[in-house]
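1. Have a look at this prediction, sequence included:
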Amino acid sequence: MSEANVDKLLAKFPVKVRLPISWGDQDVYGHVNNTRYFRFFEDARLKYWETLKITENDAPRSLAVIVASTSCKFRAPLTYPDNIVVGARVVNVDETRFSMEFRIVSEKSNRLVANGDALMVSFDLVEQQTVTLPEVIKQRMLLLERDAGNQVDESSVPQD
């Protein structure tokens, strides 16, 4: 795949992860099963979180960031063998939640094959309730996005 094309398709995505397509990712129809795309998004979400370098000093141990909803728009099939690059970014953030966008680009077909989103909620696992997203996490997200040339909407995140 043209590295310039990957850069163009994922220009506004500060976190990118390259993943191989495995033979076992395919279904009986010979293309990657739709459920795998959500795992690709998950890999990118985790990489995004790791990029923020959150430590135990930044947030209580009981804090989790959980998926409230997620969706995917399938644009083209993926097949084995191939490698993909998955981009992740935050587009909205408020007191207790934030929205992420994802793109999946195929190296073999040199095109965007899927895009998706996720609504993430700051959640206290002990109290079993939504809590305020720690300011340090919010600020690191905003900085990461700003460095990628993005402006994050801080007014409100769509409720799901």
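-> On my side now, so go ahead.

2. Starting from the longest helix seen in the chain, tell me the next helix or strand along the chain.
-> For the chain, the longest helix by residue count, based on DSSP state H, is helix 34-52. Per DSSP states H and E, the first helix or strand lying C-terminal to helix 34-52 is strand 63-74.

3. in this structure, which spans are strands?
-> Using DSSP state E, the strands of the chain run over 15-20, 63-74, 83-93, 97-106, 111-124, 129-130.

4. I'd like those as TSV, with distance to residue 47, mean pLDDT and mean neighbour count appended.
-> Just so you know, the C-beta spots here come from the backbone N, C-alpha and C atoms, and that holds for glycine as well. Below are the strands of the chain laid out as TSV (distance: least, C-beta to C-beta, whole Å; pLDDT from 0 to 100; neighbours: other C-beta atoms under 10 Å):
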stretch	distance to residue 47	mean pLDDT	mean neighbour count
strand 15-20	5	98	16
strand 63-74	14	97	14
strand 83-93	7	97	22
strand 97-106	11	97	23
strand 111-124	14	97	19
strand 129-130	24	97	12
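
5. Switch these over to JSON lines; also include distance to residue 137.
-> As requested, these are exported to JSON lines (distance: least, C-beta to C-beta, whole Å):
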{"stretch": "strand 15-20", "distance to residue 137": "15"}
{"stretch": "strand 63-74", "distance to residue 137": "8"}
{"stretch": "strand 83-93", "distance to residue 137": "9"}
{"stretch": "strand 97-106", "distance to residue 137": "9"}
{"stretch": "strand 111-124", "distance to residue 137": "8"}
{"stretch": "strand 129-130", "distance to residue 137": "15"}
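
6. Figure out which of these is closest to residue 49.
-> Among the strands of the chain, strand 63-74 comes nearest to residue 49, with 7.3 Å by C-beta to C-beta.

7. rewinding a little: out of the strands of the chain, nearest to residue 156?
-> Closest approach to residue 156 among the strands of the chain is made by strand 83-93 (7.3 Å; C-beta to C-beta).

8. Residue 3 is nearest to which of the strands of the chain?
-> When the strands of the chain are ranked by proximity to residue 3 (C-beta to C-beta), strand 83-93 comes first, at 9.8 Å.

9. sorry, back to before: contacts for the longest helix of the chain, please.
-> When contacts are defined by C-beta atoms under 8 Å, 6 or more residues apart in numbering, helix 34-52 is touched by residues 14-17, 19, 25, 65, 70, 72, 74, 84, 86-90, 100, 102, 104, 114, 116, 118, 120, 137, 140-141, 144.
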